[in-house]
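>>> This is a predicted model, with the sequence first.
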Amino acid sequence: MDNDFVFWTLRILGGIALLGAFAALMYYSVRATPATRTRPRRDQPIPGRTGELTETTANENLRIRSKLYYYAAHVTDVYDGDTCTVDVDLGMGVWKRHQTIRFWKVNTPELRGPDRERGLAVRDFVRDYILDQDILLRTILDKRGEDQTGKFGRLLGEILVEDDDGQIVNINDLLLSEGMALPMDEGGSTISPTERALQPPPDAAPCPFCGQLRRIDLDTAMMEACPNCLDPARPW
C-alpha cells in the first residue's frame, strides 16, 4: 500500500512539473518573438482589411512619399522675376540658409539691356507676392530622385504662396498666365508662344518631378497626372 502511494505520488508530481515546464517554454517563446506573431508580412493582408493591398492603399503611400519634395521656406530676397533667395526649413530645427531658387520652366525679362523696364516691373510684381513671406517650395526632381539644378547650379523649384483670400497661388504658373514670362523647355531654352504652337506634343514625356513616363492627350496637349509622384495633370 505504501509503495503504491509513493508510486502514484511521484507520477503526479512528475506530470505537474512537465506541464509547468511546457507552459514556461510557450510563455518565453511568445515573448521572444512578438514581431513574427503580430506583424503581417508585406505580402499578407493587413488584419482588419479584406483582400490584398489595394490600389487605393498604394496611392495613399505614394501620396505620403510625394510630400517629401515640398519644403517650408521663407523668402529673403527677390533678385528678378524668376530668381529668389530663401531660407529652407528642413525640419527638426535644421535650416538651409541663403538658398538661391530659379523658378522652374519660366523665363522673365532681364534687368539689363533693352528689357530692363519690363524686367523691373515683373520683379516688383513677384516681390509684392513673396518677399519676406513664408512659402511652400516644391523642388524639381530628376530621374534619380535628386533635386535638379539649372545650368548655373541654382536649385529649380515651384513657388507656392497663400494670397489674401487664403488661396494657394503657383507663382510659376501665374507669371505664364499673366504673360510676364515665357515657358522654357527641359534644356533651359526659351520657347516663344509661336514656336510652342507649332510644336506638336509627343505621345508621352517624362514627368519633370520624378522621371515617370506620362501620357499626353494629343487633342488637348494635357499631360496626365503622374501615377508615381501624383503630380496633377498639367499642360505639356
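On my side now, so go ahead. Only a predicted model underlies this, so the values are computations on that prediction, with no experimental measurement involved. Residues are numbered from 1 along each chain as shown.
>>> Now do the SS call for F125.
Following DSSP: H, G, I helix; E, B strand; the rest coil, we place F125 in the helix state.
>>> Likewise for the one 3 residues further on?
State at D128, reduced to three classes by three-state DSSP: helix.
>>> quick one: it and P202, what's the gap?
Counting by C-beta to C-beta, to the nearest Å, the gap from D128 to P202 is 37 Å. The way it works is simple: take the backbone N, C-alpha and C, and place the C-beta from them, glycine included.
>>> With T139 instead?
According to C-beta to C-beta, T139 and P202 sit 25 Å apart.
>>> These two: which has the busier surroundings?
More neighbours surround T139 than the other of T139 and P202, with 20 against 11 (other C-beta atoms under 10 Å).
>>> For the more buried one, give the beta-bridge partners.
G157 (DSSP bridges).
>>> my guess is it contacts Y69, does it?
Yes - the pair T139 and Y69 passes the contact test of C-beta atoms under 8 Å, sitting 5.7 Å apart.
>>> which stretches of this protein form helices?
Ranges of helices in the chain, per DSSP state H, are 2-32, 34-38, 55-66, 116-130, 171-177, 193-198.
>>> any idea of the mean pLDDT for stretch 222-236?
Stretch 222-236 comes out with an average pLDDT of 82.
>>> go on, stretch 159-170?
On average, stretch 159-170 scores 91.
>>> go on, stretch 179-189?
Mean per-residue pLDDT for stretch 179-189: 74.
>>> and the helices of the chain, which one is worst for confidence?
Averaging pLDDT over each of the helices of the chain puts helix 34-38 lowest, since it has a mean of 40.
>>> What residues are bridge-paired with the residue nearest to V86 when sequence neighbours are not counted?
Sequence neighbours aside, A73 is the residue nearest to V86 in space, at 4.1 Å (criterion: C-beta to C-beta, 6 or more residues apart in numbering). Counting by DSSP bridges, A73 is bridged to V88, I135.
>>> Could you chop this structure up by domain?
Residue ranges for the domains of the chain, per automatic domain parsing: 64-185, 200-236.
>>> Quick one: end-to-end length of the shortest one, please.
Which is domain 200-236. The first residue of domain 200-236 is 10 Å away from its last residue (C-alpha to C-alpha, to the nearest Å).
>>> wait, doesn't the residue nearest to V86 sit right on T85?
No - if you go by C-beta under 8 Å, A73 and T85 don't touch, sitting 9.9 Å apart.
>>> More neighbours: which of these two?
Each of A73 and T85 has its neighbours counted (other C-beta under 10 Å); A73 has more, 26 against 17.
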